[in-house]
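Student: Attaching a predicted model along with its sequence, questions to come.
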There are 2 protein chains.
Amino acid sequence: MSLLPFSVSHRDPGSAARAAVLGTPHGEVRTPAFMPVGTCGTVKGVAAWELERLAPEMVLANTYHLLLRPGVDRLRKMGGLHHLMAWDGPILTDSGGYQVFSLAARRRLTEEGVVFRSHIDGSEHRLTPESVVQAQAAFGVDVAMVLDECLPYPADDSAIDPSVDRSVRWARRSLDEAEAMRKADEGWAGGLFAIQQGGLKEEVRRRCTEELASWPFDGYAIGGLAVGEPSELLHKAVAFSAPMLPVDRPRYLMGVGYAEDLLQAVGCGVDLFDCVLPTRSARTGKVFTSMGDLVIKNARWTEDNGPLDASCSCPTCGRYSRAALRHLFISREATSVVLLTVHNLHFFLTLMREAREAIIAGRYGEFRDRKLISLQRGVI
Amino acid sequence: MSLLPFSVSHRDPGSAARAAVLGTPHGEVRTPAFMPVGTCGTVKGVAAWELERLAPEMVLANTYHLLLRPGVDRLRKMGGLHHLMAWDGPILTDSGGYQVFSLAARRRLTEEGVVFRSHIDGSEHRLTPESVVQAQAAFGVDVAMVLDECLPYPADDSAIDPSVDRSVRWARRSLDEAEAMRKADEGWAGGLFAIQQGGLKEEVRRRCTEELASWPFDGYAIGGLAVGEPSELLHKAVAFSAPMLPVDRPRYLMGVGYAEDLLQAVGCGVDLFDCVLPTRSARTGKVFTSMGDLVIKNARWTEDNGPLDASCSCPTCGRYSRAALRHLFISREATSVVLLTVHNLHFFLTLMREAREAIIAGRYGEFRDRKLISLQRGVI
């Protein structure tokens, strides 16, 4: 089995930050990179041609949602996930595990896998490490994730070890399934990433990583963070977790996060991120700018004819004033979701593009510190 | 007072259809033309740059909604309606009268004007012919409409004459107000259209038109149709109403309609149309194609990997299958509103562009008949 090609081209002299390229069946992913989330097969409110202009390196979709609707067989008949999303670039899907534990009703966990009821219609579904790899292969994704158990925060100490042990065994079964599928040459050329778990416990994460790293996964994710812990604990956990992961494989911090979190994690050597924050926030009217967040419905923007962020080059900032965006948002116009989503995604994607440039220039630390100061300045 | 320039360049030899150009402060409107509706200051779900690619000749917004929110003073401070819509092309607003009679609560009609309560917050508002012209001038529109009373269908015979007489008096007051504003040189360079009323009664519409046509309006609309009457009656009314209107001024059929209605009306010499049909239908999953309508949520599209309309050149048809669009629609994704709205608007705008080309080529009748046959063929 050959792994997805991954090469680190630049290392920042003052931190663990690195610039790299991950090869996938649908093109190269230049890292550090932020993946917009397209849960059910679309980034909410964003047409495929709009997404292309935003030019993310890779996008994420959720296996849990796609399994429930349209389902594996139907999605295969529809030509796969790239066809559904009308997107020809790289796609990563999660394993569905996280949503089973956060969304589904009446889940039952065994060594074999997990049985749950759909949050849409109550129908019963079963996920196993093997079925989850098969599903993602049927979707035709570029990167699949192993099924794992994501513990809540705070987790019972006594629950962590058995859970991590099971996640490790599931990861091995996932890899075996992927290797069997590749041997059978069923046409899937994507990679498989393992997921490090262990809550906030450094020693558990180390033990977990040592096992996972002894097997040939295409990449390694840090899972089970950004589940409610304070940001100091998140940053501390990223700082000890990222360096454990194999240096020659992509590192992916799942479900994180704020600009500040990304800047810190890149400095710890993380390559990939995904988060619903830019898209979900757009729908609630929260806007990210180079000087921190703003809430578009606030009365202070009522007659503000300036753009969301004067330093932003997105089409929303090029055309719409804060006053106009506030009017559209409080009028509950779908257009405001489109406009704010485009802006927020542009913010996160640009942040990671600039981080990559700073790493290549060998001045990531200076870049990060300057950005952090700006983010705390406050929007005027 | 100088009128907006209007010149008819081509007349179809076999019908009353004509190709013309209306000059406005924000550019030329080549007719026949369909105006997308941007009720509250945006075409629902369509970013300004997307609207530009669809390239409508003129767009419509609703004075009633804009008066309630953001309001005249605030919209003026925001830089006017073009600024709010981030749209630099021609804009026409209606007078608000239609919505007062269809949406507002507790309206009270007098010779002076109409008092009503907002459907948003119950606040009391007053429209007069003068205030409505002032409001539209403050918005900075290219074409303003006079305040009129739009009778329901069916209307009491006894109600029609007094109502039309009042609408004519209101039209005169509107024109006086517009001429006073232009004399005072308050910076508004838009035109003012009068509205012919009279229900389905040819003689009432003729009498109304004779009065209105004796005054120098920039254009003349046919109002009070498409309010629930059967399409045969609509077509009959258009056939006798349009030829009454001055031949040297643009003719605008308000609130119409289906492709079949537009094709018929163009043949009667109508130049301008607006309707919520393409945008509202997109939100309910109804799709217009060259072979008639389709309902995207229907199970028959579940595994249909073809485009909505194989002969359509819109970006939605270029990228998304019916199966993908059905999935996004039943998943209630905002993206499906965007994609279907773009397609439906493209359908109406292309229909009018093709009609104009056929008129210029002197073969409108043949074009119309071919389109009507195709529309009845049924989607496969």
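Tutor: Thanks, I have the structure now.

Student: Can you say which helix or strand has residue A:247 in it?
Tutor: Per DSSP states H and E: residue A:247 is located in neither a helix nor a strand.

Student: Okay, residue A:83 and residue B:321: tell me how far apart.
Tutor: Between residue A:83 and residue B:321 the computed distance is 7 Å (Cβ to Cβ, to the nearest Å). From N, CA and C alone the C-beta is placed, and that goes for glycine too.

Student: I meant residue A:94, not that one.
Tutor: Using Cβ to Cβ, one gets 24 Å for the distance from residue A:94 to residue B:321.

Student: More neighbours: which of those two?
Tutor: Of the pair residue A:94 and residue B:321, residue A:94 is the one with more neighbours under other Cβ atoms under 10 Å in any protein chain shown, namely 31 against 21.

Student: correct me, but that one touches residue A:65?
Tutor: No. The criterion here is Cβ atoms under 8 Å, and residue A:94 misses it with residue A:65 at 9.9 Å.

Student: What residue spans form the domains of chain A?
Tutor: Listed by automatic domain parsing, the domain ranges of chain A are A:6-281, A:282-375.

Student: Turn the ones you listed into a markdown table, including mean pLDDT and distance to chain B.
Tutor: Listed next are those as a markdown table, based on pLDDT from 0 to 100; distance: least, Cβ to the nearest Cβ, whole Å:
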| stretch | mean pLDDT | distance to chain B |
| --- | --- | --- |
| domain A:6-281 | 96 | 4 |
| domain A:282-375 | 98 | 4 |
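
Student: Out of the ones you listed, the one nearest residue B:114 is which?
Tutor: Relative to residue B:114, the nearest member of the domains of chain A by Cβ to Cβ is domain A:282-375, separated by 23.1 Å.

Student: that older thread, with distance to residue B:58 added, can I get the domains of chain A in a markdown table?
Tutor: Shown next, in a markdown table, are the domains of chain A (distance: least, Cβ to Cβ, whole Å):
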| stretch | distance to residue B:58 |
| --- | --- |
| domain A:6-281 | 24 |
| domain A:282-375 | 19 |
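
Student: Out of the ones you listed, which is closest to residue B:339?
Tutor: Of the domains of chain A, nearest to residue B:339 by Cβ to Cβ is domain A:6-281, at 5.9 Å.

Student: any idea how far that closest one is from the chain center?
Tutor: Its chain's C-alpha centre lies 7 Å from the corresponding centre of domain A:6-281 when counted by Cα atoms, centre = their mean, to the nearest Å.

Student: for it, how far is the first residue from the last?
Tutor: By Cα to Cα, to the nearest Å, the extent of domain A:6-281 from end to end equals 32 Å.

Student: Spatially nearest residue to the residue with the largest distance to the centre of chain A, not counting backbone neighbours?
Tutor: Centroid-distance maximum for chain A: residue A:303 at 36.1 Å, with Cα atoms, centre = their mean. The shortest distance from residue A:303 to any non-neighbouring residue, by Cβ to Cβ, 6 or more residues apart in numbering or on different chains, is to residue B:77 (4.9 Å).

Student: likewise residue A:118?
Tutor: In space, residue A:118 is closest to residue A:68, 5.0 Å off (Cβ to Cβ, 6+ apart).

Student: for residue A:249, same thing?
Tutor: Leaving aside its chain neighbours, residue A:249 sits nearest to residue A:219 (5.2 Å; criterion: Cβ to Cβ, 6+ apart).

Student: Strands of the stretch 251-380 of chain A, start to end?
Tutor: Using DSSP state E, counting those that start in this stretch, the strands of the stretch 251-380 of chain A run over A:251-253, A:272-274, A:286-289, A:292-295.

Student: Out of those strands, flag the one nearest residue A:120.
Tutor: Comparing those under Cβ to Cβ, the one sitting nearest is strand A:272-274, at 22.5 Å.

Student: Quick check: residue A:46 touching residue A:345?
Tutor: Yes. At 7.5 Å, residue A:46 and residue A:345 qualify as touching, with contact defined as Cβ under 8 Å.

Student: what residues are shared contacts of the two?
Tutor: Here residue A:46 and residue A:345 share the contacting residues A:36, A:54, scored by Cβ atoms under 8 Å, 6 or more residues apart in numbering or on different chains.

Student: quick one, what contacts the residue nearest the centre of chain A?
Tutor: Nearest to the mean C-alpha position of chain A, counting by Cα atoms, centre = their mean, stands residue A:274 at 1.9 Å. Residues in contact with residue A:274, defined by Cβ under 8 Å, 6+ apart, are A:34, A:35, A:36, A:37, A:60, A:92, A:252, A:254, A:255.

Student: picking that back up, tell me how far the residue nearest to residue A:303 lies from residue A:308.
Tutor: Noted for residue B:77: a distance of 18 Å to residue A:308, by Cβ to Cβ.

Student: Also residue A:140?
Tutor: If you go by Cβ to Cβ, the gap between residue A:140 and residue A:308 works out to 36 Å.

Student: Same question for residue A:98.
Tutor: Applying Cβ to Cβ, the value for residue A:98 to residue A:308 is 31 Å.

Student: So for these two, which sits in the more crowded spot?
Tutor: Higher neighbour count among residue A:98 and residue A:308: residue A:308, with 25 against 22, using other Cβ under 10 Å.
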